[in-house]
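J.: based on what follows, work out the 3D shape:
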Amino acid sequence: MSDKKLIRNLLAVYLTVVTGCAIVVYFLNDWFHTWLPEFLGISSPMTDVFGAILMITMAFAAQRLVAWLYYGDQEFGMQKLLRELALREEERNASVRQISAELRQIADFNQVLRRQLELIISETEKAAFDIASRLQTIDGVVSDLNAFVASTANASDKLQANSEACIDHNQEMLSTIDSYIKQRLDTTETERSRIEQVVKEIQSLDGLVQLVRNISGQTNLLALNAAIEAARAGEVGRGFAVVADEVRKLSTATDEAVSKISLGIDAVNQSTHAHFEDKLSIDRIEAEKTTLLGFVSQLDNLGNSYQALSDHGSNAMQKIGSSSSQLTSMFMDTLASVQFQDMVRQQIEQIIAALNQLDGHAAALAEHLESGRAEGMDPAFAPLAQQLEQMFERYVMTSQRESHRNALGAPPTEAEATEAAAAKAPPKIELF
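T.: As a prediction, the model looks like this:
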């Protein structure tokens, strides 16, 4: 029932009672002031007092009677409302008790959540510790690998330097051999020309031998003629005959010597041909040239292969060194990623602190509901909006502030926008 209806009910009862009282006073006024004082034997003032008491009593009774006649109760039609209000009050009290009980159970619910969050912290710390331990083992292996790579690289550099020196020396030797081959071919050609010249000169001695032989034959013929002329001269030419005989003997000896010289020249010529025939052979010279050039080519190919092998080893060591450095960098990045546990732990601890605040807030609400105080909450009671602002001030990461503002639908501040832009820079190790 609304207040306006209640006022209308009261006004209707009031007008009815007032009208009835006015009619009674109007028609019974003379009787009341003349007969009643004489009947009761009281004075006029006492009659007024008695009349006032009688009127008030009659008005009170008439009010109840009219209310009962109009609304069926003596509470001006409010008895049903009062029963409804009492029922609602009972239902409200039951709801308050239920809500208070539920609010007090929030602490148990939050306690379960806190234990689960603490378990998450413990598990993540254990997992992070295991990862860090394994990364430390990997770090030892990587360090040994880096040391081995560095040592091998130094040895490879020394071998590379020695190889380059050997290759340079081999190139010089190849150049020397090539020069020697050319010189040897030139020398062989010169020797061949000289030997051919010697052979020709030896062969030219045959003409001199024939000349001496002809001279010997002429001398022998001359001695024979001289002997004939001496025999013809008789005793006078006997001395000349002796001379002629000696000349003939000398001619014979000369002819024999010339024959021997001719045989010696032939023997020398044959011996020279026999001794230098293989060296003077064009085919042999070409074969020797081909063999030497093939030897030079093989040495050159061997040097090129050695150079290629050395370059391949150097490139392999550079690749291994680069991969080792990259592996070290990846290891450092992985080690930095383990810091996620610190961030998770800090965020979960802040959530636990917020749950503790929520426990206190729910307990304060339950106490207020159970007390039924109408003067309001305790001044020390902090609304949830204020507690959210305090929680926002305790954040240490930009992502937490962004998530908080997004949950409340609030735009970021200029400083937070600047921090968000800076957060897009390359990540750094962030310790807590």
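J.: every contact and neighbour count from this point should use C-alpha atoms.
T.: Will do.
J.: do you know how far residue 130 is from residue 124?
T.: Residue 130 is 10 Å from residue 124, where distance means Cα to Cα, to the nearest Å.
J.: repeat for residue 405
T.: From residue 405 across to residue 124, the span is 27 Å (Cα to Cα).
J.: and the pLDDT at residue 250?
T.: At residue 250, the pLDDT value in this model is 77.
J.: same thing with residue 418?
T.: pLDDT, residue 418: 66.
J.: residue 130 and residue 124: which has the busier surroundings?
T.: Neighbours were counted for residue 130 and for residue 124 using other Cα atoms under 10 Å; residue 124 has more, 17 against 12.
J.: element containing that one?
T.: helix 79-233 (DSSP states H and E).
J.: so how far is that helix off the chain centroid?
T.: Distance of helix 79-233 from its chain centroid, counting by Cα atoms, centre = their mean, to the nearest Å, is 27 Å.
J.: heads up, I number from 877, so please use that
T.: Okay, residue one is now 877; in that scheme the one you just asked about reads as helix 955-1109.
J.: and the next helix or strand past it?
T.: Later in the chain than helix 955-1109, the nearest helix or strand by DSSP H and E is helix 1114-1152.
J.: tell me what angle that next one forms with helix 955-1109.
T.: Relative orientation of helix 1114-1152 and helix 955-1109, computed by axes from the mean of the first three to the mean of the last three Cα atoms, to 10 degrees: 170 degrees.
J.: check which helices and strands helix 1114-1152 is in contact with.
T.: Under the contact definition 3 or more Cα pairs under 8 Å, 6 or more residues apart in numbering; DSSP states H and E, helix 1114-1152 sits against helix 955-1109.
J.: for the helix it packs on, name the packing helices and strands.
T.: If you count contacts as 3+ Cα pairs under 8 Å, 6+ apart, helix 955-1109 packs onto helix 1114-1152, helix 1158-1213, helix 1216-1247.
J.: how far does the last one sit from the chain's center?
T.: A distance of 39 Å separates the C-alpha centroid of helix 1216-1247 from that of its chain, computed with Cα atoms, centre = their mean.
J.: re the thing from before, now the helix holding residue 1000: average pLDDT?
T.: For helix 955-1109, mean pLDDT rounds to 76.
J.: could you report the distance from the residue positioned nearest the centre of the chain to residue 1003?
T.: Central residue of the chain (Cα atoms, centre = their mean): residue 1206, 5.0 Å from the mean position. Distance of residue 1206 to residue 1003, given as Cα to Cα: 20 Å.
J.: distance of residue 1047 from residue 1181?
T.: Separation of residue 1047 from residue 1181 (Cα to Cα): 13 Å.
J.: residue 1210 too?
T.: 42 Å.
J.: now do residue 1142
T.: According to Cα to Cα, residue 1142 stands 55 Å off from residue 1181.
J.: before we move on, what about residue 960?
T.: Residue 960 is 110 Å from residue 1181, where distance means Cα to Cα.
J.: can you check residue 1056 too?
T.: Note on residue 1056: its distance to residue 1181, by Cα to Cα, is 24 Å.
J.: ok, residue 1142 and residue 1181, which is more surrounded?
T.: Higher neighbour count among residue 1142 and residue 1181: residue 1142, with 16 against 12, using other Cα under 10 Å.
J.: okay, buried residues for the helix or strand hosting residue 1261 please.
T.: If you go by DSSP H and E, residue 1261 is part of helix 1260-1269. Across helix 1260-1269, burial judged by 16 or more other Cα atoms under 10 Å covers residue 1267.
J.: nice, that's everything, thank you.
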